[in-house]
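Asks: Curious how this folds, go ahead:
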Amino acid sequence: MKKSIQSVLFAFVVLTVLLSGCAPDSTRVPPTSTPLPLPTDTPLPTKTPIPTKTPIPPTATIQAPDKTLEFLNGVQVVYIDTFDDSSRGGWGFDAGKVKDGILEVIGKNWNGLVRDRDFKDNQGIIVDFTYTKGSVFEMLMDSGEWSTDPYKRFGVYVENNAPKINVWVKQNFLGGSYMSGNLKLKPDTSYTVLAVLLPDGGFLTIVWDPSDPSKSLFYRESVGKNWSNLTWKFRIGADSGTILFDNYREITFDSVK
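Replies: The predicted structure follows:
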């Protein structure tokens, strides 16, 4: 009986060992799989803001010379050319050139230049000028084609240091009156000229010394209504000498005093 019990115990132990070898090992940890990196969003390039144009401050108002205010109301300078930029344009040249900040015209056969724009009533020009001894030249406004019936002209004609008013209709010379005033021109001295179109079919021309505006010459004439509501060109012509121009300005005005 004792032997039988021992046999049973032995068989039980053997069976237990066999069963434990077949059971899964609960302590074995399965290998951890290496995690795959999740794709991250590729950052988009930062949008560079489109540069905005830096606003350019408006050009300061250019004051008209005080001398003009003695004769005109509501004067405004609407354009200026100081001849510092030779490529600026705006002129048609038969003779003359822009250099060293000035406009130079050498007189020969009345060649010259014309401003490339039209002028109307209540408009005009101001320009500084200097001339050499013996110069003969003219600064003028004209309307129409030369040698045609509608042609009209008024201007300042300078010869022997004496400025005259030069008026033409068609091909007829109407006069060369000397300008009145207390200014005597001389070579190699800077002067300023104003020439404007009046609304009544007339014109006004003034020449003065910018270093002493009390010294001036003056001429005003009302020709007639057939001189109003026209388009005009500003021209410079020279027959001899060298004439230098600077600080060319275009003006408008409300009325004449």
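Asks: what about the nearest residue to residue 71 once chain neighbours are set aside, how many neighbours?
Replies: Ranked by CB to CB, 6 or more residues apart in numbering and with sequence neighbours excluded, the top spatial neighbour of residue 71 is residue 257, at 5.6 Å. Using the backbone N, CA and C atoms, a C-beta is placed for each residue, glycine as well. Using other CB atoms under 10 Å, residue 257 has 9 other residues around it.
Asks: Now do residue 257 against residue 245, distance only.
Replies: Per CB to CB, to the nearest Å, residue 257 is found 27 Å from residue 245.
Asks: Ok, residue 123 next?
Replies: 19 Å.
Asks: if you count what's nearby, which of these two comes out ahead?
Replies: In this view residue 123 and residue 245 are compared by other CB under 10 Å, and residue 245 has more residues nearby, 22 against 18.
Asks: With adjacent residues omitted, what lies nearest to residue 106?
Replies: residue 242 (5.3 Å).
Asks: So the one you found sits against residue 104, correct?
Replies: Yes: using CB atoms under 8 Å, residue 242 is in contact with residue 104, at 6.6 Å.
Asks: what sits in contact with each of those two?
Replies: Common contact partners of residue 242 and residue 104 (CB atoms under 8 Å, 6 or more residues apart in numbering): none.
Asks: residue contacts, the residue nearest to residue 84 when sequence neighbours are not counted?
Replies: With CB to CB, 6+ apart as the criterion, residue 84 has its nearest non-adjacent residue at 5.0 Å, and that residue is residue 101. Counting by CB under 8 Å, 6+ apart, residue 101 touches 82-84, 246.
Asks: and residue 104, what element?
Replies: Per DSSP states H and E, residue 104 falls inside strand 102-106.
Asks: Return the list of strands paired to the next helix or strand after that strand, each annotated with direction.
Replies: Using DSSP H and E, the helix or strand that follows strand 102-106 in sequence is strand 111-115. Partners of strand 111-115 in the sheet, by DSSP bridges, are strand 91-93 (antiparallel), strand 233-240 (antiparallel).
Asks: what's in contact with the helix or strand following strand 111-115?
Replies: Reading on from strand 111-115 to the C-terminus, the next helix or strand found by DSSP H and E is strand 123-131. Contact partners of strand 123-131, identified using CB under 8 Å, 6+ apart, comprise 64-65, 68, 77, 115, 119, 137, 139, 141, 158, 187-197, 204, 210, 234, 241-253.
Asks: tilt between strand 123-131 and strand 233-240?
Replies: Relative orientation of strand 123-131 and strand 233-240, computed by axes from the mean of the first three to the mean of the last three CA atoms, to 10 degrees: 20 degrees.
Asks: tell me which strands and helices the next helix or strand after strand 123-131 is in contact with?
Replies: Next along the chain after strand 123-131, taking DSSP H and E as the criterion, comes strand 136-143. Judged by 3 or more CB pairs under 8 Å, 6 or more residues apart in numbering; DSSP states H and E, strand 136-143 is in contact with strand 123-131, strand 152-159, strand 162-169, strand 191-198, strand 233-240.
Asks: for strand 136-143, which positions count as buried?
Replies: 136-143 (16 or more other CB atoms under 10 Å).
Asks: and if you look at stretch 98-116?
Replies: 98, 102-103, 105-107, 111-115.
Asks: same question, stretch 240-252
Replies: For stretch 240-252, by 16+ other CB under 10 Å, it's 240-252.
Asks: and that stretch, average pLDDT?
Replies: Mean per-residue pLDDT for stretch 240-252: 98.
Asks: re the thing from before, phi, psi for the residue nearest to residue 84 please.
Replies: Phi and psi for residue 101, reported as degrees, to the nearest 10, are phi 80, psi 20.
Asks: got it, and residue 226?
Replies: Per degrees, to the nearest 10, the backbone of residue 226 is at phi -70, psi 0.
Asks: give me the number of residues near it?
Replies: Count around residue 226 with other CB under 10 Å applied: 11.
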